[in-house]
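Peer 1: Take this sequence and fold it.
(4 chains)
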There are 2 protein chains.
Amino acid sequence: MATLTFRLNQNLYLRDPQHTDLGQKIIRKSVEMIDKLGFEHFTFKKLADEIESTEASVYRYFENKHRLLLYLISWYWSWLDYRIDLFTSSSTEAEAKLRACLRVLCEEKKYDPAFEFINEEALHRIVVAELDKTYLTKSVDHDNQEGLFVGFKSLCKKIAGWVAEINPAYPYPNALISMILLSAKQQIFFADHLPSLTNLPPSADRHQKLNLFLEEILFRTIQKN
Amino acid sequence: MATLTFRLNQNLYLRDPQHTDLGQKIIRKSVEMIDKLGFEHFTFKKLADEIESTEASVYRYFENKHRLLLYLISWYWSWLDYRIDLFTSSSTEAEAKLRACLRVLCEEKKYDPAFEFINEEALHRIVVAELDKTYLTKSVDHDNQEGLFVGFKSLCKKIAGWVAEINPAYPYPNALISMILLSAKQQIFFADHLPSLTNLPPSADRHQKLNLFLEEILFRTIQKN
DNA sequence: CGATTAAGGATAGTATTACTATCAAATCGG
DNA sequence: CCGATTTGATAGTAATACTATCCTTAATCG
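Peer 2: From the prediction side, this is the model:
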């Protein structure tokens, strides 16, 4: 099988981790550890110990742990974008594309064998729990200038484009889509931890319910008249 | 003028800061400093230096800085709840209540002289920038059990109740309201820092636009049939 | 009025974190 | 096989998030 890799913004890393053995270990293990410990309790020291390397070596790949998180989450958005392309390319209608897109967004994430060293299931949990921390910092503006959020921004733009195709007069397509993208993560988190803030059940069919919830909001909001 | 205070969950603090001079200084100054430095760069040491007290003394009021943040944000939700009551009590119709409620949620926040030692404008910016960090931690479940999120949860429940009054058949009232409550903060943040993720303008009338945006989503989504 | 208690100040100390720096050993490409 | 690059090993630093102890002062209560 051909190995796919995503070309991510070079400012995310110092040395490309996809190209070396140590780099791949860093990615694989950090996904596992951030998922388990949470980003706050995850440190380069602990990571280095686990992969039997040293802190200094990890710092040669990533400037700091914040950039590593940004890297992982950028990877996630690229992956989602790729999957959305996969499932929307067969449609020509914007409406069908949007429906397919929401399905991909809400689906339960499983390990994707197309990408060997990433555990997508764990990465999805990381995105749910840590996404907001990537931009809620005093360095947002700087990070944004360096292009560290392009993955999220371009995905949002693409989907908002379909909204504009359906109803060019609707004035808030980007706001609506960014809201939906974030809500998909938030509501899953609430279902797991603060159930009174949602109506999604704890059971496995919550992904389907989430899909219904968001689809209704999206299409009712953008319908004409 | 009668001085109002909110009765917040006792687990938020070790000693009630509203009742002492030092406590009030801690609240007033921490709002100012978290707003300026951001929560990550804010420390009890820096705070103590500013109010000319000591780290140890601050720790006598709050177990740690995370609880202090939770305290401030709980205070904010209580305040919002109080303002929503103020502006909805005149209406009897659920729809009118919801409209008034969204107006309060989206309005630009100004200093409220009813509460002397809190700068609501700064606190609002803190909520916008730091809210998600209060629950995106490994200790959510524990904090939730201690009742540290009741402020947000009860507000959400109250508003969702009005939704249910209008359309009892709508299956996701809590999810819809929590989404809207959070989006109101998020979209303001995007307008300031990641404008391509929203359609709110940088100008002052963005609060009004935000109101239109959210009102349309809410009422279109819950309309019957 | 004197004694008790509580609040706050002063100081010290600890483990951990998030780095930075230096040098030597291994390895890899031409 | 030579030289450049990569990694490992080790050390060190400033800051952070606490905890502990002791002392002074102020309020309270019989």
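
Peer 1: can we go C-alpha only for contacts and neighbour counts from here?
Peer 2: Will do.

Peer 1: what does chain A have sitting close to chain B?
Peer 2: Of all the residues in chain A, those in contact range of chain B (Cα under 8 Å from any Cα of the partner chain) are A:37-38, A:40, A:129-130, A:132-133, A:136-138, A:140-141, A:144, A:153, A:156-157, A:171-176, A:178-179, A:183, A:187, A:193-194, A:196-200, A:213, A:216-217, A:220-221.

Peer 1: Which PyMOL command selects the buried ones in those?
Peer 2: The buried subset of these, as determined by 16 or more other Cα atoms under 10 Å in any protein chain shown, is captured in PyMOL by this line:
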select buried, chain A and resi 38+129+130+132+133+136+137+140+153+156+157+172+173+174+175+176+178+179+183+187+193+194+196+197+198+199+200+213+217+220+221
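
Peer 1: Now do the SS call for A:Cys92.
Peer 2: Careful, residue A:92 is Thr and not Cys. Under DSSP: H, G, I helix; E, B strand; the rest coil, the three-state class of A:Thr92 is coil.

Peer 1: Next, the contact list for it, please.
Peer 2: For A:Thr92, no residue meets the contact criterion (Cα atoms under 8 Å, 6 or more residues apart in numbering or on different chains).

Peer 1: any idea of the pLDDT on it?
Peer 2: Note on A:Thr92: pLDDT of 95.

Peer 1: measure it to DNA strand C for me?
Peer 2: When Cα to the nearest atom of the strand, to the nearest Å is the yardstick, A:Thr92 and DNA strand C sit 45 Å from each other.

Peer 1: ok, now A:Ala184?
Peer 2: Using Cα to the nearest atom of the strand, we find A:Ala184 at a distance of 28 Å from DNA strand C.

Peer 1: report the angle between the axes of the helix or strand containing that residue and helix B:173-193?
Peer 2: Assigned by DSSP states H and E, A:Ala184 belongs to helix A:173-193. Using axes from the mean of the first three to the mean of the last three Cα atoms, to 10 degrees, the inter-axis angle of helix A:173-193 relative to helix B:173-193 is 130 degrees.

Peer 1: For helix A:173-193, name the packing helices and strands.
Peer 2: helix A:94-106, helix A:120-135, helix A:150-166, helix A:206-222, helix B:173-193 (3 or more Cα pairs under 8 Å, 6 or more residues apart in numbering or on different chains; DSSP states H and E).

Peer 1: Distance to B:Tyr71 added to these, as JSON lines?
Peer 2: Formatted as JSON lines, the entries for these read as follows, by distance: least, Cα to Cα, whole Å:
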{"stretch": "helix A:94-106", "distance to B:Tyr71": "33"}
{"stretch": "helix A:120-135", "distance to B:Tyr71": "20"}
{"stretch": "helix A:150-166", "distance to B:Tyr71": "32"}
{"stretch": "helix A:206-222", "distance to B:Tyr71": "31"}
{"stretch": "helix B:173-193", "distance to B:Tyr71": "18"}
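
Peer 1: and of those helices, who's closest to A:Ile51?
Peer 2: Of all the helices and strands packed on helix A:173-193, helix A:120-135 sits nearest to A:Ile51, with 17.9 Å by Cα to Cα.

Peer 1: So is that closest one next to DNA strand C?
Peer 2: No - no part of helix A:120-135 sits close enough to DNA strand C to count as contact by Cα under 7 Å from any atom of the strand; the gap is at least 13.0 Å.

Peer 1: Let me know the average pLDDT across the longest helix seen in chain A.
Peer 2: Looking only at chain A and at elements set by DSSP state H, the helix with the highest residue count is helix A:65-88. Per-residue pLDDT over helix A:65-88 has a mean of 97.

Peer 1: Likewise for stretch A:183-202?
Peer 2: For stretch A:183-202, the per-residue pLDDT averages 98.

Peer 1: got the end-to-end distance for that stretch?
Peer 2: Across stretch A:183-202, the straight-line distance between its terminal residues is 16 Å, by Cα to Cα, to the nearest Å.

Peer 1: chain center to it: distance?
Peer 2: Its chain's average C-alpha position is 17 Å from that of stretch A:183-202, according to Cα atoms, centre = their mean, to the nearest Å.

Peer 1: circling back to that earlier point, export the longest helix of chain A to CSV, keeping only CA atoms.
Peer 2: In CSV, the C-alpha atoms belonging to helix A:65-88 read as follows (Å, rounded to 0.1, in the frame of the first residue of the first chain):
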residue,chain,number,x,y,z
LYS,A,65,4.9,21.1,23.5
HIS,A,66,2.4,23.6,22.3
ARG,A,67,3.7,23.3,18.8
LEU,A,68,3.6,19.6,19.0
LEU,A,69,-0.1,19.8,19.9
LEU,A,70,-0.6,22.2,17.0
TYR,A,71,1.1,19.7,14.8
LEU,A,72,-1.1,16.8,15.8
ILE,A,73,-4.3,18.8,15.5
SER,A,74,-3.3,20.2,12.1
TRP,A,75,-2.7,16.6,11.1
TYR,A,76,-6.2,15.8,12.3
TRP,A,77,-7.8,18.6,10.2
SER,A,78,-5.8,17.5,7.1
TRP,A,79,-7.0,14.0,7.7
LEU,A,80,-10.6,15.1,8.1
ASP,A,81,-10.3,17.2,5.0
TYR,A,82,-9.0,14.2,3.1
ARG,A,83,-11.9,12.1,4.3
ILE,A,84,-14.4,14.7,3.4
ASP,A,85,-13.0,14.9,-0.1
LEU,A,86,-13.3,11.1,-0.3
PHE,A,87,-17.0,11.1,0.6
THR,A,88,-18.1,14.3,-1.2
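
Peer 1: which helices and strands sit right next to that helix?
Peer 2: Based on contacts counted as 3+ Cα pairs under 8 Å, 6+ apart, the elements that helix A:65-88 packs against are helix A:94-106, helix A:120-135, helix A:150-166.

Peer 1: buried stuff in the last one?
Peer 2: Applying a neighbour-count criterion of 16+ other Cα under 10 Å, one finds A:150-157, A:159-164, A:166 buried in helix A:150-166.

Peer 1: swap in stretch A:74-91?
Peer 2: Using 16+ other Cα under 10 Å, the residues of stretch A:74-91 that count as buried are A:74-81, A:84, A:88.
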